[in-house]
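*Asks:* Please work out how this folds:
(one chain, ligands or ions: 1)
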Amino acid sequence: MDVGFVGLGQMGHAIAANLVSAGHQVSLWNRSPDKADDLVSQGARLARCPADTAPGGVVFTMLADDAALEAVSFGEGGLLSAAEPVLHVSLSTISPTLAKRLDEAHRNAGGRFVSAPVFGRPDAAAARKLFVVAAGASEDIAQVQPLFDAIGQRTFTVGEEPAQANVVKLCGNFMIMASIESMAEAMTLGVKNGIERATLNEVLTETLFGGLVHRNYGKMLVEEAFRPAGFAAPLGLKDMRLVKNAAEEARVPMPVLGVVHDHLLSTIAREGEDIDWSGIARIVAADAGL
Ligand code: NAP
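*Replies:* As a prediction, this is how the structure comes out:
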């Protein structure tokens, strides 16, 4: 299938590489064009601008945040200025508000919009193990299902309104962050009572907390494997801000959110922007005098 792909960061590059290796004809654009070099050498085409990636066809975007997606959608050479309207599939973690705005703008331009944020870090993206959470018109999702199959292990369709997928994604990221916070607090309590983090982690992940989040992040906390960041703290902070906005709009008090938001802020202030979001464990430990 012909497909455009915009955004070759940690996630986007791995996903685009899987589309190329699955035999799709991929046209790429990234703000920093050198990130496309290896994929071009594997047969992908380098487009002049986002609008040039696949006019009249399907374009995936995987970008940092709302501002980046706005730039490649509404800016000069953006997707909404494509010669023919596109089916835009947004994989980024963005606000439900922007998803609504993009849905409307594409429909007004004669195009279509599907929101399909993903669960899974860059290693899962490289291994085609992402979980895709899609929302939009069912015929649009059916059209791009072969592309989802090339990048992930399973697609969940959660509604007809694209923004609903972004709400699900934000709920998931909030729960990951809250789980990391609770693991960090428990491990700190353990350490101050002479129990090694690895011991506590083994007991809890092999009994009551055997899910992916506890296992993967538990191991990272035990090993203090916070650099290089698979999901950088500033991106985590961006997501907690999006959760806060969505919670305010829906009038939902989320007191735990305030704690993890502030711990992410402290982490970035003390450790810099290159630390993984699970690095909040350092702040939890420091607050306990460790
Ligand atoms: P990343 O490595 O920081 O990549 C960000 C991408 O956005 C790059 O292609 C960057 O271009 C582009 N970009 C940033 N600002 C831009 C602007 N103003 N105009 C145009 N392009 C711009 O981030 P990532 O880890 O791949 O994450 C991408 C998205 O996936 C985010 O929404 C994130 O929340 C979500 N996500 C991440 C993970 C994870 O574990 N990393 C997991 C699931 C979902 P340059 O190359 O030119 O900088």
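
*Asks:* Chain neighbours aside, what residue packs nearest to Asp65?
*Replies:* Lys238 (5.2 Å; CB to CB, 6 or more residues apart in numbering). Quick note: C-beta positions are derived from backbone N, CA and C, even for glycine.

*Asks:* Would you mark the buried spots in stretch 131-142?
*Replies:* 131-137, 140-141 (16 or more other CB atoms under 10 Å).

*Asks:* what pLDDT does the nearest residue to Ser266 once chain neighbours are set aside get?
*Replies:* Sequence neighbours aside, Ile283 is the residue nearest to Ser266 in space, at 4.6 Å (criterion: CB to CB, 6+ apart). For Ile283, the pLDDT comes out at 97.

*Asks:* Just the element for Ile283, please.
*Replies:* helix 280-287 (DSSP states H and E).

*Asks:* could you dump that helix to CSV, C-alpha only?
*Replies:* Output in CSV follows, covering the C-alpha atoms of helix 280-287 (Å, rounded to 0.1, in the frame of the first residue of the first chain):
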residue,chain,number,x,y,z
ILE,A,280,10.6,10.0,39.3
ALA,A,281,11.8,7.2,41.6
ARG,A,282,14.9,9.3,42.3
ILE,A,283,12.8,12.1,43.7
VAL,A,284,10.7,9.7,45.8
ALA,A,285,13.9,8.3,47.2
ALA,A,286,15.5,11.7,47.8
ASP,A,287,12.4,12.9,49.6
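
*Asks:* tell me how far it is from the chain's mean position?
*Replies:* Offset of helix 280-287 from its chain centre (CA atoms, centre = their mean, to the nearest Å): 24 Å.

*Asks:* And for that helix, what's in contact with it?
*Replies:* Applying CB atoms under 8 Å, 6 or more residues apart in numbering, the contact partners of helix 280-287 are 177, 180-181, 183-185, 187-188, 191, 221, 224, 226, 233, 260, 263-264, 266-267, 270-271, 275.

*Asks:* residues of that helix that come out buried?
*Replies:* Residues of helix 280-287 classed as buried by neighbour count (16+ other CB under 10 Å): 280-285.

*Asks:* How about stretch 244-258?
*Replies:* In stretch 244-258, counting by 16+ other CB under 10 Å, buried: 244, 246, 254, 257.

*Asks:* now, the most widely separated pair of the buried residues of stretch 131-142?
*Replies:* Phe131 and Ala137 (20.7 Å; CB to CB).

*Asks:* sorry, back to before: let's see which of the buried residues of stretch 131-142 end up in strands.
*Replies:* Those of these mapping onto strands are 131-135, per DSSP state E.

*Asks:* Which part of the stretch 151-290 of the chain gets nearest to the ligand, residue-wise?
*Replies:* Phe231 (3.4 Å; CB to the nearest ligand atom).

*Asks:* what number of residues lie near the residue lying closest to that residue once chain neighbours are set aside?
*Replies:* Take Phe231 and drop its neighbours on the chain: the residue closest to it by CB to CB, 6+ apart is Trp277, 5.4 Å away. Counted with other CB atoms under 10 Å, residues neighbouring Trp277 total 27.

*Asks:* dump the residue contacts of Trp277.
*Replies:* When contacts are counted by CB under 8 Å, 6+ apart, Trp277 touches 177, 180, 229, 231-233, 235-237, 264, 267.

*Asks:* What backbone torsions are found at the closest residue to Pro228 other than its chain neighbours?
*Replies:* Nearest non-adjacent residue to Pro228, counting by CB to CB, 6+ apart: Asp274, 7.4 Å away. The phi/psi pair for Asp274 (degrees, to the nearest 10) reads phi -90, psi 10.

*Asks:* these two touch, right, Asp274 and Arg227?
*Replies:* Yes: if you go by CB atoms under 8 Å, Asp274 and Arg227 touch, sitting 6.3 Å apart.

*Asks:* Alright, that wraps it up for me.
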